[in-house]
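Chemist: Give me a model of this one.
(one chain, ligands or ions: 1)
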Amino acid sequence: MPLHEYMAVDPAKGCRLCRRPFEHLDRRPGRFLKSCPRCGTPLRRLPSAARVTQGRTTLDRRARQAGFHKLRRVGKGTYQKEY
Ligand SMILES: [Zn+2]
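Modeler: Prediction:
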């Protein structure tokens, strides 16, 4: 089932749920939430790709801060150190 992220079109009018981006599992493909299930404020759908990128960046930064190194696989059995 597709997981989408939504947020109130006008966050000032939203409730605690939709003032910030929240994830909603769409039970039927192609049918999206148009309004908040709690307060009925109109919602907009956020592009999920942006979130994935963001999450990875944060994860990388945290890993680096924790002293981990990240290796990127460049070939069969060959790894390149990213940091
Ligand atoms: Zn709401």
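Chemist: which regions of this protein sit below the pLDDT cut-off?
Modeler: 1, 48-57 (pLDDT under 70).
Chemist: Around the ion, pick out the residues from it.
Modeler: Within reach of the ion by C-beta under 5 Å from the ion, the chain has these residues: Gly14, Cys15, Leu17, Cys18, Cys36, Arg38, Cys39, Thr41. To be clear about C-beta, it is placed using only N, CA and C from the backbone, and glycine gets the same treatment.
Chemist: How about the contacts made by the first one?
Modeler: For Gly14, the contact set (C-beta atoms under 8 Å, 6 or more residues apart in numbering) comprises Met7, Ala8, Cys36, Cys39, Thr41.
Chemist: Of those, which is the nearest to Tyr83?
Modeler: Compare each of the contacts of Gly14 with Tyr83 using C-beta to C-beta and the shortest gap goes to Met7, at 32.3 Å.
Chemist: So the closest one: helix, strand or coil?
Modeler: strand (DSSP: H, G, I helix; E, B strand; the rest coil).
Chemist: Let me know whether it touches Thr41 as I believe.
Modeler: No: counting by C-beta atoms under 8 Å, Thr41 is not a contact partner of Met7; they are 9.8 Å apart.
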